[in-house]
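[1] sequence? don't have it. structure:
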């Protein structure tokens, strides 16, 4: 995908054959991030953004239905007073008994003070 601060670390998750699950919501979030790089930051051209988005389908990701976790995500979001779309990832991790790996320190800091603290870890902390 598009290079970010922790891109190399994220690529290691795929290289080490972890089973990667993601809500289908992630495709829309990636599209939005790529739009920012095209329209707001001028870092890439639209054709490159489209190619990167299309490459998601070839990645070893197990796509999960958002609707199966949205009620839990809403409950978590209301408790944390944090946007529900981030909480979809946490709710999915809880449902499939997995660990949410995130680069979002702000979200991590919110979650570690809750009963969900064992369900989340920082990407940068995987070293």
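    Here it is on my side, so go on. Here the structure is a predicted model, which is why all the values come from computation and not from measurement.

[2] now the one helix or strand residue 75 maps to, how far from the chain's geometric center?
    Assessed by DSSP states H and E, residue 75 sits inside helix 70-80. Chain-centre distance of helix 70-80: 16 Å, with Cα atoms, centre = their mean, to the nearest Å.

[3] equivalent analysis for stretch 105-118, please.
    Offset of stretch 105-118 from its chain centre (Cα atoms, centre = their mean): 15 Å.

[4] can you point out the buried residues in the helix or strand bottoming out on mean pLDDT in the chain?
    In the chain, no helix or strand scores lower on mean pLDDT, DSSP states H and E than helix 7-15, which sits at a mean of 76. For helix 7-15, a neighbour-count test (16 or more other Cβ atoms under 10 Å) marks 9-10 as buried. No exception for glycine: its C-beta is placed from N, CA and C like everyone else's.

[5] next SSE after that helix?
    Next along the chain after helix 7-15, with elements defined by DSSP H and E, is strand 20-23.

[6] strand partners of that following strand, parallel vs antiparallel please.
    Using DSSP bridges, strand 20-23 pairs in its sheet with strand 61-64 (parallel).

[7] what lies in contact with the strand it pairs with?
    Here strand 61-64 makes contact (Cβ atoms under 8 Å, 6 or more residues apart in numbering) with 19-24, 26, 92, 96.

[8] list the buried ones in that strand?
    Of the residues in strand 61-64, 63-64 count as buried by neighbour count, 16+ other Cβ under 10 Å.
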